[in-house]
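S.K.: Need a 3D model of the sequence below.
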Amino acid sequence: MARSLKARATEATLTGFIVATIRVVLTFVALLIALDSLDVDTTALLTIFAAAGLALGLALKDTLSNFAAGVMLIIARPFTVGDFIEAAGVTGMVEKIGYFSSQMKTGDNREIIVPNNHIYGGVIINASAKPTRRIDLIIGVGYGDDLQKAEHILLECIAADQRILAEPDATVAVAELADSSVNFVVRPWVKAADYWAVRWHLTKQIKLAFDENDISIPYPQQDIYLHQALRAEQQP
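M.R.: Residues are numbered from 1 along each chain as shown. You can find the predicted model right below:
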């Protein structure tokens, strides 16, 4: 049966779950048939199992909740092994989806074990679900700088990176007249796997290009004026 499921390209995690579930069910049915052939009252036995199951369910409520959430994660597949997700307050790459908990690896190679009900019961952000992603940058220039020139430089930096996709079109536009700067939004599209590499490289290239063309990137400033008042008794 496992070979048949794999032949249909069923996900490894789902295959293991189905095989394990069917094995347990078949074992239980075989046990009932064997007991019935020995003239054992299976009705009473089923009653005992039901009562024991109820007591066990109450005792293992959280465990069963994690198990149910694990089943839903495997069936609904909001993410798969290898996806980079944000869920249950943590961010990382999914390494394993278990029956009771899932295993994730952070960017600095830490392992995180998260109970499944914490994942399935909250918001899941899957950065790997789509083949492309949009980079969102906010680049500020000084009020005294040439906006047309700054926009041209930003477009040149985007065009120079071949990893940036031609479609959809990148967006470069004045978005805000802030307190200390005129802010451009820079929004190119890239393959999901190239997101961070392109984001870091593009930010660096924009700074270098602005420096070469005397375009300033201002920072918040505050002028403080101090006034000294002389006391009346100190005046001649």
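
S.K.: From V90, how far off is I125?
M.R.: 11 Å (C-beta to C-beta, to the nearest Å). Where C-beta positions appear, they are placed from N, C-alpha and C, glycine not excepted.

S.K.: Pick out whichever of those two has more residues nearby.
M.R.: V90 (15 against 12; other C-beta atoms under 10 Å).

S.K.: What sits closest to that one if chain neighbours are left out?
M.R.: Closest residue to V90 in three dimensions, ignoring its sequence neighbours and counting by C-beta to C-beta, 6 or more residues apart in numbering: I112, at 5.3 Å.

S.K.: Enumerate the beta-bridge partners assigned to the one you found.
M.R.: On DSSP bridges, the residues paired with I112 through beta bridges are M104.

S.K.: ok, now which ones touch it?
M.R.: V90, G92, Q103, M104, K105, T106 (C-beta atoms under 8 Å, 6 or more residues apart in numbering).

S.K.: Out of those, which is nearest to W200?
M.R.: W200 lies nearest to T106 out of the contacts of I112, by C-beta to C-beta, at 18.2 Å.

S.K.: so what's the closest one up against?
M.R.: Contacts of T106 by C-beta under 8 Å, 6+ apart are V90, T91, G92, I112.

S.K.: Swap in 10 Å and give it another go.
M.R.: Contact analysis of T106 by C-beta atoms under 10 Å, 6 or more residues apart in numbering lists V90, T91, G92, M93, I112.

S.K.: Give me the three-state assignment for the closest residue to A160 other than its chain neighbours.
M.R.: Excluding the flanking residues, the one nearest A160 by C-beta to C-beta, 6+ apart is Q205, at 7.0 Å. Recorded secondary structure, Q205: helix (DSSP: H, G, I helix; E, B strand; the rest coil).

S.K.: before we move on, what about N117?
M.R.: helix.

S.K.: That one touches V71, doesn't it?
M.R.: No: in this structure, N117 is not within contact of V71 by C-beta atoms under 10 Å, at 11.1 Å.

S.K.: What's the local residue count around I85?
M.R.: Neighbour count of I85, defined by other C-beta under 10 Å: 22.

S.K.: Give me the buried positions along the helix or strand containing it.
M.R.: Assigned by DSSP states H and E, I85 belongs to strand 84-87. Neighbour-count burial for strand 84-87 flags F84, I85, A87 (criterion: 16 or more other C-beta atoms under 10 Å).

S.K.: quick revisit: which of the contacts of T106 sits closest to D214?
M.R.: Nearest to D214 among these: T91, at 38.9 Å, using C-beta to C-beta.

S.K.: mind showing which ranges of the protein have poor pLDDT?
M.R.: Counting by pLDDT under 70, the chain contains low-confidence residues at 1-18, 35-36, 38-42, 44-46, 48-61, 221-223, 225-236.

S.K.: hmm, try it at 90
M.R.: 1-68, 70-72, 74-76, 98-100, 107, 121, 179, 218-236 (pLDDT under 90).
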